[in-house]
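# give me a 3D structure for the following:
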Amino acid sequence: MRRVTLKDLARATGVSVSTVSLALRGDERISQATTARVQVAADRLGYRGDFAGSLLRVGNPRILGLVARLDQELHSRYHERILVEAKEHGWQVIVVPTSPSRDVADAVSFLATCRARAVVLIDPPGGAVPRDCPGPVVIAQAGPDFCDLVTSDCAPGLAQLGAALSRAGRRRWLYLDGPEGTSARVRRSGVLAAARGVGADVVVRPAGATFDDGYAALLEPAEAGCDAVVAYNDHCAHGAMVALWRRGRQIPCDVAVAGVDNIASSRGQAWRLTSVDRNVEEVAAQAFRIAVRRADEPDAPVSRVRIATRLRERSSTLGAAGGT
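Take a look at the predicted model:
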């Protein structure tokens, strides 16, 4: 099938090729009526633009780069929200997944060749952001001084969790710690602060970020004397729940369990896990807005934005200690 060209659109709409080209780019010199007519014809005829050619013709293409690990659910949720924001505001997003075979530096180098005017990096490993990254905006707990930073503030959600556990009479907590790093330190500090706020006692036990880590941590009765288990993340909490069930412990009657991240499986009927929601949609929306500003104002002051988390309470904690 022959590819539809600008000339085809010009013939279909009765305007010049240059007018069609400007209309497709949303140029303000073309009337809204003409732009709409060209767009209708493009959709009807199945026109597909030449992306590579458009990069050469446009002085400041509205292109945003996104670097993420798409095999991780939270990264995928950030990615989806950023795509929604970009579509609503007329930006194109080029997504470059990182993996063991492609690091952040490689991804940023590729995006620079695609003329990305700003790049959003989701939790880059070790906080590594190349200095030649175009307008870097980082979604993480911490980032280099030269980057804009958007982060989820775990403290509000964990404080809400502490209050919920306290209302249910849960005063002796076991915290399953995550892998060493900034996120683990922030979450551990937040849990300890939440406990102090309600006068609860906390025992911290090394665990990790995976289902197996949580399972291994509670396969033996490490929670003895504790009436609540708070895990570094939901995956770890799921593993802890299975270990508790395997040992005949009832949730939440014997032990309440909570996690952090509010992933999809935690929201489902199988787990019904109480979890601290990272407010992914607002974090991603803020990152997009900051990236657009950075593209337009490269020398603007660096932003540091914190988005409050919130508790999503479900059946894994609802119920008094020793209750039914």
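
# what about residue 246, how many residues nearby?
11 (other Cβ atoms under 10 Å). In short, each C-beta sits where N, CA and C put it, glycine included.

# same check on the one 3 residues further on?
Other residues near residue 249 come to 17 when the count uses other Cβ under 10 Å.

# same thing with the one 3 residues further on?
Counted with other Cβ under 10 Å, the burial measure for residue 252 works out to 25 neighbours.

# for residue 282, same thing?
Other residues close to residue 282 by other Cβ under 10 Å number 15.

# ok, residue 154 - contacts?
186, 187, 190, 260, 276, 309 (Cβ atoms under 8 Å, 6 or more residues apart in numbering).

# filter those down to the buried ones.
With burial judged by 16 or more other Cβ atoms under 10 Å, the buried subset of these is 186, 187, 190, 260, 276, 309.

# quick one: neighbours of residue 120, just the number.
If we define neighbours as other Cβ under 10 Å, then residue 120 has 28 of them.

# rewinding a little: export the contacts of residue 154 as JSON lines, with columns for pLDDT, distance to residue 198 and secondary structure.
What follows is the contacts of residue 154, written out as JSON lines (pLDDT from 0 to 100; distance: Cβ to Cβ, whole Å; DSSP: H, G, I helix; E, B strand; the rest coil):
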{"residue": "186", "pLDDT": "95", "distance to residue 198": "19", "secondary structure": "helix"}
{"residue": "187", "pLDDT": "97", "distance to residue 198": "17", "secondary structure": "helix"}
{"residue": "190", "pLDDT": "97", "distance to residue 198": "13", "secondary structure": "helix"}
{"residue": "260", "pLDDT": "97", "distance to residue 198": "18", "secondary structure": "strand"}
{"residue": "276", "pLDDT": "98", "distance to residue 198": "15", "secondary structure": "strand"}
{"residue": "309", "pLDDT": "98", "distance to residue 198": "17", "secondary structure": "coil"}
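
# can you pick out the most distant pair from these?
186 and 276 (11.8 Å; Cβ to Cβ).

# which helix or which strand is home to the residue most central in space within the chain?
By Cα atoms, centre = their mean, the chain has its centre lying nearest to residue 78, at 3.4 Å. Take DSSP states H and E as the rule and residue 78 turns out to sit in helix 73-89.

# just the strands from the stretch 51-200 of the chain, written as ranges.
All strands of the stretch 51-200 of the chain, identified by DSSP state E, counting those that start in this stretch, fall at 63-68, 92-97, 118-122, 136-139, 148-153, 172-177.

# picking that back up, just curious, which of the buried ones among the contacts of residue 154 is nearest to residue 12?
residue 309 (51.7 Å).

# how near is the closest one to residue 278?
6 Å (Cβ to Cβ, to the nearest Å).

# any shared contact partners between these two?
residue 152.

# tell me how many other residues surround the residue nearest to residue 164 when sequence neighbours are not counted.
Excluding the flanking residues, the one nearest residue 164 by Cβ to Cβ, 6 or more residues apart in numbering is residue 313, at 5.6 Å. Number of residues near residue 313 (other Cβ under 10 Å) recorded here: 16.

# these two touch, right, residue 313 and residue 276?
No: the criterion here is Cβ atoms under 8 Å, and residue 313 misses it with residue 276 at 10.2 Å.

# where does the prediction get shaky in the protein?
Applying pLDDT under 70 to the chain flags residues 1, 49-59, 320-324.

# and the helices in the stretch 151-300 of the chain?
Shown for the stretch 151-300 of the chain, the helices assigned by DSSP state H, counting those that start in this stretch span residues 154-167, 182-198, 211-218, 234-246, 264-267, 280-296.

# any chance of JSON lines for the ones you listed, columns distance to residue 303?
Formatted as JSON lines, these follow (distance: least, Cβ to Cβ, whole Å):
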{"stretch": "helix 154-167", "distance to residue 303": "19"}
{"stretch": "helix 182-198", "distance to residue 303": "19"}
{"stretch": "helix 211-218", "distance to residue 303": "34"}
{"stretch": "helix 234-246", "distance to residue 303": "29"}
{"stretch": "helix 264-267", "distance to residue 303": "30"}
{"stretch": "helix 280-296", "distance to residue 303": "5"}
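
# which of those helices sits closest to residue 96?
That would be helix 280-296 among those, by Cβ to Cβ, at 14.7 Å.

# now do that closest one: which elements does it pack against?
strand 63-68, helix 73-89, strand 118-122, strand 136-139, strand 148-153, strand 304-308 (3 or more Cβ pairs under 8 Å, 6 or more residues apart in numbering; DSSP states H and E).

# before we move on, the earlier item: show the contacting residues for the residue nearest to the centre of the chain.
By Cβ under 8 Å, 6+ apart, the residues touching residue 78 are 68, 122, 139, 280, 283, 284, 287.

# please apply the same query to residue 138.
120, 121, 123, 124, 127, 129, 144, 147, 148, 149, 150.

# hang on, isn't the third one packed against residue 140?
Yes: checked against Cβ under 8 Å, the pair residue 123 and residue 140 is within contact range at 4.5 Å.
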